[in-house]
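Q: Provide a 3D model corresponding to the input given below.
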Amino acid sequence: DPKSQLPFEEKWPSMRPIILKLLKQEPVTQGEWQDLFYSIYTVCLWDEKGAQKMRDALKEDIMDFIKQAQQRVLAHQEEQALLKAYIQEWRKFFTQCNYLPTPFRQLESSLAGKTSSGGSGVQKKAQAEESLVRKMMLDSWNQSIFIDIKQRLQDSAMKLVRAERNGEAFDSQLVIGVRESYVNLCSNPNDKLQIYRENFEAAYIETTQSFYWIKAPEQLHAHGVEHYMRYAEAKLREEELRAQKYLEPNSSSVQLLTDCCVKVLVATFKAAILGECPR
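A: Numbers count the residues shown, from 1 in each chain. Okay, here's the model as predicted:
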């Protein structure tokens, strides 16, 4: 029966609307959810090229979805509005990266050349952690929307941190969301923090340094050494707390930032400070 040889072509039209609902975070009924699992299983089992065809079709829908998100974000010209729109889209998409792969486990095992029954517990755990569908979603996001505007996002985030140093309040999630994007979009499995370190961390440390290169001498000249020592101590504490909020916790970022602040606020003015201390 030739029809049984085409489960993908037969099943995809009914699967696709459910997948699009999942991508858009629209509610899916229990029945639709079960149908999707079953259809994926059937296609992988009965269609020799089914897994490959399904992956390609899924990737196409993911890319279309991201293109729409990108248009919504780029509709905002003003930097802060762009940043807000991006974070909103990214948060939704990142949440879906944890849900959408669930029904595609069978697809992932088929693509990896495993049957659903085989595989030790360890293998299964590793598989769940690095889901192919999740990786495809994150890579697609990275290669389209993120690569396109990451410099603008990062510049806006650094401006916000600077504004906070000058006493202005804003939604800290805007900065945190940019960092999260860098951390989660790195496709180098051996160094998950590579893009984050080379971009976000480097920019954060550099902008902190240039901020205090200007502020510190102003304080010292205006108020003298005793006041300056109190100022430097307060700023070191403040910057360490800020770094804990904005920099990646599972990394050496906070330490690097603290070292940078000590250098700019203390080491640079050591001679002036020691010169005023009673011998």
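
Q: ok, residue 153 to residue 210 distance?
A: Distance from residue 153 to residue 210, counting by CB to CB, to the nearest Å: 19 Å. (Glycine included, C-beta is placed from N, CA and C.)

Q: now do residue 235
A: 14 Å.

Q: so those two - more neighbours on which side?
A: residue 235 (21 against 12; other CB atoms under 10 Å).

Q: quick check: the more buried one touching residue 212?
A: Yes: assessed by CB atoms under 8 Å, residue 235 is found in contact with residue 212 at 7.2 Å.

Q: so what's the gap between whatever helix or strand residue 140 lives in and the chain middle?
A: Assigned by DSSP states H and E, residue 140 falls within helix 132-141. From the chain centre to the centre of helix 132-141 is a distance of 12 Å (CA atoms, centre = their mean, to the nearest Å).

Q: list the buried residues for that helix?
A: Across helix 132-141, burial judged by 16 or more other CB atoms under 10 Å covers 132, 133, 134, 136, 137, 138, 140, 141.

Q: contact partners for residue 232?
A: 216, 265, 266, 269 (CB atoms under 8 Å, 6 or more residues apart in numbering).

Q: which of those residues fall within helices?
A: In helices, judged by DSSP state H, the following of the contacts of residue 232 are found: 216, 265.

Q: and residue 249, backbone torsions?
A: Phi and psi for residue 249, reported as degrees, to the nearest 10, are phi -70, psi -40.

Q: separation between it and residue 77?
A: 34 Å.

Q: list the residues that contact both of residue 235 and residue 212?
A: Joint contacts of residue 235 and residue 212 (CB under 8 Å, 6+ apart) are 261, 265.

Q: which SS state does residue 169 fall under?
A: coil (DSSP: H, G, I helix; E, B strand; the rest coil).
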